[in-house]
Structures are given as structure tokens and as C-alpha cells.
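>>> predicted model and sequence follow; I will ask about them next.
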Amino acid sequence: MDLAYIPSPSTGVIHLGPIPLRGYAFCIIIGVFVAVWLGNKRWVARGGTAGTVADIAVWAVPFGLVGGRLYHVITDYQLYFSEGENWVDAFKIWEGGLGIWGAIALGAVGAWIGCRRRGIALPAYADAIAPGIAFAQAIGRWGNWFNQELYGKPTDLPWALKISEGANREAGLYHPTFLYESLWCVGVGFLVIWADRRFKLGHGRAFALYVAAYCAGRVWTEYLRVDEAHHVLGLRLNVWTAIVVLLLAVVYLVLSARMRPGREEIVEPKKAEKDAKAGDTADAEPEDAASDTDTDTDAGKSETSETPEEPDTEKSGNGAGSAAKS
């Protein structure tokens, strides 16, 4: 008898009348809001304008969702295009299936477009949103719990995840890899925040640290999973992807620190120019006031100097008397 385990929800959908609320989609939406909220706070702290992160996210999020779905469908094509499967299911994103690798890659393209439109460097923006993305992933992984997917090997640990009988799954107790990855992502988010404050990371290095740290955790959580996946040299495809991306992120960290040390002083040039103009205007106003005061003083002095002197009546009188005596 199993005395302790993590139960799975009986359903991943709650209906409010005719409107279905899907747990998977709900977790993704909450994650996006958390990422934008935290990214905005970090962006403003770096000298950016409030709302810029959200404006760019309008481009990044849709691109990321499309990229994540494409990666999943391409790498697990047998789930949708093999015999007996319905290819229309490839579009049912609410049923689960987003590849983080595709989401980050294509999401970066969307973010680049948004940054270009506002005249902002992508690395600075990426640094601002890096920990928020980690926290968003931590929240999004709970969507897999609602769908009873992405669990690991069978286990009798007290925190085992109970999976019910369903399509392509057997009832039993398994490693809750969704929980492992969720907790790991929370740790990654706090690691990036700490390192950014401690070392003043810039030029995309905070984002690279997030990528490297996430990939390190993804290697072992992916190794535990038992769902169907393609293998290369005995390892799951996502394990190899995590290893390659981890190495690339570390290389970027090292080279970037050597080539472009320090942190960007200006992250949003247009705002900096606006602030500079406002500062010049504020500095000019006291000078104008001082100039007006000087002008008034000079005018007063001029009026005083131009006033004619009154004649000395006593001297004039004495002079007249002397003249009369003589």
C-alpha cells in the first residue's frame, strides 16, 4: 500500500458554462505574465521605459509559441503523422507539447523584431527577461501535471507521481519530472538574479547564464523520462540538444566577458536622449532666471546713474554774495 504520493488531477479542463478553462493553457498564460512583470521591473531598474518589455513581448510570445510547437511536432512527428494518427492534432496546442528549444529560438526572432522597432539592443533586453523566463517555465511545467505527461521512471519514493490509466500511458507511480524541472527553474531564476547583482552581467551574459543553468538541469530530468522519444547514440534527442546548447552558452559567457566586459550604461537610447533634453531644459531655466535678475539690476543701476544731481543752493548763494560784495 502506498502511503504517500502526489495525486494527478482527474481532468485538465474546467468548464465555466460553455467556456473550457484548460490547466495547460492557464499555466502558460500565468507564466507569460510573470515573465513580463519581472522583466519590466528589471528593465526599468536598468534605465529603460516602463512598458517596453510588454511591447516587445507582443512579438516574442507568439513567435515563441509557434516555435515551441514546431519543434515538438517535428521531433515527435510519429505522434501526428504515422499510421492511425490524425495530423490535425498537431494544431491542438492545448493538449500539451511545446519544445522549449524551439520556443526560445523563434521567440528570440520575435524579440529581435520588437527590439529593432524600438531601437534597442537584443542582448540587453534578453538580460532583463532571463530570470522571468526561468520562473515562467517553472509555472508552465505544472501544465504537464494537469495533462499527466512528462513523468519519469517508476518509483516508490514518497513524492512519486500517481498516473491514471489513459491513452499512451499506464497507471502507476512515477518520478514527477515535471516537478523536478519546475523546482530547478525556480533555482535558475534566483541564480541569475543573484549573479546579475553580484557581477553586473551585461551584453547577454545573464541570459547565457540562464540557458547554461537550465540545460544542466534538463540533462538529468530528461534522462529520467520514459515517454516515447527519438534516441541518438543511446541518449534521447533532447539530452543531446541540452548538452550542445549548454556548451554554446558557456562559450558565449567566456568570449563575451573578454570581448565586452562590464554592463551597458544605456539600454534604451531614445529614453536616454529624451532624459538628456529634459535635463538641458531644466538647467537652462535657472540660468535664464539669473540672467533676468542681472538685467533688472543693471537697469536699476543705469537709472540711478542717469538721475541729474540737484544744485548746491548754499554754495550758489555764497558765490552770489561774494560777487555782490566785490
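Done, it's in. For clarity, every value in this text was computed on a predicted model and none was experimentally measured.
>>> list the contacts of the helix or strand hosting Leu248.
Mapping Leu248 onto the secondary structure by DSSP states H and E places it in helix 237-259. For helix 237-259, the external contacting residues (C-beta atoms under 8 Å, 6 or more residues apart in numbering) are 75, 101, 203-205, 208-209, 211-212, 215-216, 218-219, 222-223, 229-233. Yep, even glycine has a C-beta here, placed from its N, CA and C like the rest.
>>> out of those residues, which sit inside strands?
Secondary-structure check on the contacts of helix 237-259 using DSSP state E: residues within strands are His231, Val232.
>>> surely Ala60 is in contact with Ala111?
Yes: with contact taken as C-beta atoms under 8 Å, Ala60 and Ala111 are classed as touching, separated by 4.0 Å.
>>> phi, psi of the spatially closest residue to Leu161 that is not a sequence neighbour?
Taking C-beta to C-beta, 6 or more residues apart in numbering, and ignoring the residues beside it in sequence, Leu161 has Pro176 as its nearest neighbour in space, at 3.8 Å. Here is the backbone geometry of Pro176 (degrees, to the nearest 10): phi -80, psi 80.
>>> list the contacts of Pro176.
When contacts are counted by C-beta under 8 Å, 6+ apart, Pro176 touches Ile6, Trp145, Tyr151, Gly152, Trp159, Ala160, Leu161.
>>> just the buried ones from the residues you listed?
Ile6, Trp145, Tyr151, Gly152, Ala160, Leu161 (16 or more other C-beta atoms under 10 Å).
>>> roughly how far does the first one sit from Ala60?
By that I understand Ile6. Distance check for Ile6 against Ala60: by C-beta to C-beta, to the nearest Å, it reads 33 Å.
>>> wait, isn't Ala134 in contact with Val186?
Yes: using C-beta under 8 Å, Ala134 is in contact with Val186, at 7.4 Å.
>>> show me which of the two is the more surrounded one.
Neighbours around Ala134 and Val186, counted as other C-beta atoms under 10 Å, are more numerous at Ala134. The numbers are 25 against 16.
>>> residues contacting the closest residue in space to Gly204 that isn't next to it in sequence?
Leaving aside its sequence neighbours, Gly204 sits nearest to Pro123 (C-beta to C-beta, 6+ apart; 3.3 Å). Neighbour list for Pro123: Gly202, His203, Gly204, Phe207, Glu264 [criterion: C-beta under 8 Å, 6+ apart].
>>> among those residues, name the ones in helices.
The members of the contacts of Pro123 that map onto helices under DSSP state H are Phe207.
>>> out of the contacts of Pro123, which is most surrounded?
Sorting the contacts of Pro123 by how many neighbours each has (other C-beta under 10 Å) puts Phe207 first, at 27 neighbours.
>>> all strands of the chain, in order?
13-16, 19-22, 161-163, 172-174, 231-232, 235-236.
>>> chain center to the fifth one: distance?
When you say that, I think you mean strand 231-232. On the basis of C-alpha atoms, centre = their mean, to the nearest Å, the separation between the geometric centre of strand 231-232 and that of its chain is 33 Å.
>>> number the residues from 667 up from this point.
Will do, 667 is the new start, and the previous item becomes strand 897-898.
>>> show me the contact partners of that strand.
Where contact means C-beta under 8 Å, 6+ apart, the residues beyond strand 897-898 that reach it are Leu903, Trp906.
>>> that strand: partners in the sheet, and parallel or antiparallel?
strand 901-902 (antiparallel) (DSSP bridges).
>>> for the first one, same thing?
Taking DSSP bridges as the criterion, strand 679-682 sits next to strand 685-688 (antiparallel) in its sheet.
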